[in-house]
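Enquirer: all I have is the shape, not the residue letters:
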DNA sequence: ATTCTTCGCACCTAGGTGATAACT
DNA sequence: GCAGTTATCACCTAGGTGCGAAGA
């Protein structure tokens, strides 16, 4: 594998996988002029997760009446893995060929058909539909960091004219890109695979001075969300680690400050629980307007 | 320092500090028969945080247009530390003598005066007042894990009789103790010191089968919250690390399933924003009752 | 005039309160 | 009856929606 992106279509999604290149060198464009996959280059540190795993599975289980650390996982703690003894180093290798399944794919497609729009505001706005994914093929014992970012899909500026999106010139300069690290990171493959990974708290903004860590986008530009799986037990190791990246073309969208296409507005109202007040049906006030 | 607790009164609070003992050995009671300070014994790993700190302060700062990882801190990212160059190993040692200041101490004292009660429910209940603390004296560059637990304050069962709390026998057996790890853990000393550390999401329950990781308590028993600072960059290192523990006697409380003392009820209503509906003053419905 | 952005708003979801009555 | 627990409720906080008028 060289230092550049290797796109490979894998049925469900487009996957890019590579090891970081040399620090500061711009890597080949994943989509367009924008950010490389990993923030800093350098050598990767593969399989660094083993040395930190305690031999006793201690922190998650009661042992001799000692306290347990249990609040890291939102749901019920994983079952006790002790019955199946840990293989020694050199034993059977654990699986590590991640696959990702996009949740609510059909809903994403309904939006995509009309051209998905996402509102961006100064105070930050969530995406709808929310980006949710189901992972398989992770090493159950290894620890992973899962992240998302949003990159330019092309170098155009758009306008909505005569009920159509049209190219309206060259893109404005891109904002510094930010990685949204899933708040459960780092966690074991077992933990990630046990539930849907939800990125709904990621927020989009057009405020170039944003101090919350939100993703800063240009209005009337087209974007592509990306999902990354990194085998690493510590955030600090991220820049030196291998990213496995997954792109779903149906999650592409145009950032707007106000919806342009009425069909998109209606899909949002019909499907986002927080917009229930605008529905025609039911108890909403919509009928009176 | 030996393996047992060394209580030392430090003006504001009672501090215990020790290194873990041998695995499985019950340590001297911090308050009563209950849990030792650290879950698993063994050798400690002091100062392990240095080797993981990247030389470039990379993950938090934009370098040559690379993306930054910024969503780990809720507030604004810390200022760029680059101007003050990092001292080489062997240079001036950073401060590491943590002090803790309990927030809303006066409110805690008002409750304590009447005998603080905390409701416990099957579905989990927060504490009020919330446990919040301000830390100083941390090594700004080192990484820490901050935690809380709640331990028995004595071995008595209580009853509320004639408007007084009275001992009503020997304590029931204690539930397995759980450590509540602050969700921002691990984070740098700089990050912890930059804001009040809020443990308001810790929940108390009387459900011995609880699967959420809440703190399980016995009703009509007296408890003491404890706050712990651990210099460690990874949750997995917790069992082998040194705990510095801080106890504030005014945060002691009795767990109840329904309030016993009307004075406590009124203090809760007057001060907890979520109970505003029960206040006599203002827009509340209380006047009509 | 046109296009795009901002702000306050009514209307929701989600969930934290003590009161109350029923239950054990 | 008594003492303690549970479930349900009205009433809040906190914050995510698109709307529509006003602003740039």
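Expert: That came through fine. Just so we're clear, the structure is a prediction, and the values are computed from it rather than from any experiment.
Enquirer: do I have it right that residue A:147 meets residue A:235?
Expert: No. Contact criterion CB atoms under 8 Å: residue A:147 and residue A:235 do not qualify, at 9.9 Å. All C-beta spots, glycine's among them, are computed from the backbone N, C-alpha and C.
Enquirer: in chain A, which spans are helices?
Expert: Using DSSP state H, the helices of chain A run over residues A:105-114, A:189-193, A:262-271.
Enquirer: for the stretch 151-289 of chain A, give me the ranges with low pLDDT.
Expert: Across the stretch 151-289 of chain A, the ranges flagged by pLDDT under 70 are A:281-289.
Enquirer: what does it have sitting close to DNA strand D?
Expert: A:258-259, A:265, A:268-269, A:272, A:274-275, A:277-278, A:289 (CB under 7 Å from any atom of the strand).
Enquirer: need the winner for burial among the helices of chain A.
Expert: Mean neighbours per residue, mean count of other CB atoms under 10 Å in any protein chain shown, is largest over those for helix A:189-193, with a mean of 21.
Enquirer: give the other helices and strands that it contacts.
Expert: The helices and strands touching helix A:189-193, judged by 3 or more CB pairs under 8 Å, 6 or more residues apart in numbering or on different chains; DSSP states H and E, are strand A:132-136, strand A:143-161.
Enquirer: helices or strands up against the shortest one?
Expert: Contact partners of strand A:132-136 among helices and strands, from 3+ CB pairs under 8 Å, 6+ apart: strand A:99-102, helix A:189-193, strand A:197-198.
Enquirer: packing partners of the last one?
Expert: In this structure, strand A:197-198 makes packing contacts with strand A:132-136, judged by 3+ CB pairs under 8 Å, 6+ apart.
Enquirer: so who does residue A:163 touch?
Expert: residue A:261 (CB atoms under 8 Å, 6 or more residues apart in numbering or on different chains).
Enquirer: and residue A:226, by the same measure?
Expert: By CB under 8 Å, 6+ apart, residue A:226 lies in contact with A:30, A:148-151, A:245-247.
Enquirer: repeat that for 6 Å
Expert: The contact partners of residue A:226, by CB atoms under 6 Å, 6 or more residues apart in numbering or on different chains, come to A:149, A:245, A:247.
Enquirer: partner residues bridging the last one?
Expert: Okay, so that is residue A:247. Using DSSP bridges, the bridge partners assigned to residue A:247 are residue A:14, residue A:226.
Enquirer: next one: it from residue A:124, what distance?
Expert: Separation of residue A:247 from residue A:124 (CB to CB, to the nearest Å) stands at 23 Å.
Enquirer: before we move on, what about the second one?
Expert: Computed with CB to CB, the distance linking residue A:245 and residue A:124 is 24 Å.
Enquirer: quick one, which of the two is more surrounded?
Expert: More crowded of residue A:245 and residue A:124, by other CB atoms under 10 Å in any protein chain shown: residue A:245, with 23 against 18.
Enquirer: ok, the more buried one to residue A:108 distance?
Expert: 18 Å.
Enquirer: and what of residue A:174?
Expert: 24 Å.
Enquirer: let me know which of the helices and strands packed on helix A:189-193 is tucked in deepest.
Expert: Mean neighbours per residue, mean count of other CB under 10 Å, is largest over the helices and strands packed on helix A:189-193 for strand A:143-161, with a mean of 21.
Enquirer: what helices or strands is that strand leaning on?
Expert: The contact analysis (3 or more CB pairs under 6 Å, 6 or more residues apart in numbering or on different chains; DSSP states H and E) places strand A:143-161 against strand A:164-170, strand A:178-181, strand A:221-231.
Enquirer: thinking again about what came up before, can you redo the contacts of residue A:226 as CSV with distance to residue A:239?
Expert: Listed next are these as CSV, based on distance: CB to CB, whole Å:
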residue, distance to residue A:239
A:149, 14
A:245, 15
A:247, 21
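Enquirer: now render the helices of chain A as CSV, adding distance to residue B:253.
Expert: Below are the helices of chain A laid out as CSV (distance: least, CB to CB, whole Å):
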stretch, distance to residue B:253
helix A:105-114, 47
helix A:189-193, 33
helix A:262-271, 45
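Enquirer: residue A:166: which of those is closest?
Expert: helix A:105-114 (14.8 Å; CB to CB).
Enquirer: what is the mean pLDDT for the closest one?
Expert: Per-residue pLDDT values over helix A:105-114 give a mean of 98.
Enquirer: what's the closest non-adjacent residue to residue A:248?
Expert: Nearest residue to residue A:248, sequence neighbours excluded (CB to CB, 6 or more residues apart in numbering or on different chains): residue A:102, at 4.8 Å.
Enquirer: surely the one you found meets residue A:247?
Expert: No. Using CB atoms under 6 Å, residue A:102 is not in contact with residue A:247; the gap is 10.1 Å.
Enquirer: contacting residues for the residue in the stretch 51-200 of chain A positioned nearest to DNA strand C?
Expert: Relative to DNA strand C, the nearest point of the stretch 51-200 of chain A is residue A:159 (3.7 Å; CB to the nearest atom of the strand). By CB under 6 Å, 6+ apart, the contact set of residue A:159 is A:166, A:168.
Enquirer: change it to 8 Å
Expert: Residues counted as contacts of residue A:159 (CB under 8 Å, 6+ apart) are A:165-166, A:168, A:220.
Enquirer: do residue A:122 as well
Expert: Neighbouring residues of residue A:122 by CB under 8 Å, 6+ apart: A:205-207.
Enquirer: got a markdown table for those residues, with neighbour count too?
Expert: Converted to a markdown table, those look like this (neighbours: other CB atoms under 10 Å in any protein chain shown):
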| residue | neighbour count |
| --- | --- |
| A:205 | 21 |
| A:206 | 20 |
| A:207 | 15 |
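Enquirer: closest to residue B:212 out of the residues you listed?
Expert: So of those, ranked by how close each gets to residue B:212 (CB to CB), first place is residue A:205, at 32.6 Å.
Enquirer: for the residue lying closest to the closest one once chain neighbours are set aside, give me its contacts.
Expert: Closest residue to residue A:205 apart from its sequence neighbours, by CB to CB, 6+ apart: residue A:214 at 4.3 Å. Counting by CB under 8 Å, 6+ apart, residue A:214 makes contact with A:124, A:178, A:202-205, A:207.
Enquirer: among those, which are located in strands?
Expert: A:178, A:203-205 (DSSP state E).
Enquirer: and those, which of them are buried?
Expert: With neighbours counted by 16 or more other CB atoms under 10 Å in any protein chain shown, the ones in strands among the contacts of residue A:214 contain buried members at A:178, A:203-205.
Enquirer: distance of the residue lying closest to residue A:259 once chain neighbours are set aside relative to chain B?
Expert: Leaving aside its chain neighbours, residue A:259 sits nearest to residue A:265 (4.5 Å; criterion: CB to CB, 6+ apart). The gap separating residue A:265 from chain B is 29 Å, by CB to the nearest CB, to the nearest Å.
Enquirer: quick check, residue A:265 in contact with residue A:271.
Expert: No. Counting by CB under 8 Å, residue A:265 sits too far from residue A:271 to count as a contact (11.3 Å).
Enquirer: and the residue of the stretch 1-150 of chain A nearest DNA strand D?
Expert: Residue of the stretch 1-150 of chain A nearest DNA strand D, by CB to the nearest atom of the strand: residue A:126 (3.9 Å).
Enquirer: what does chain A put close to DNA strand C?
Expert: A:121-122, A:159-161, A:168, A:206, A:219-220, A:256-258, A:260, A:273-274, A:276-277, A:283-285.
Enquirer: kind regards, and thank you for your time.
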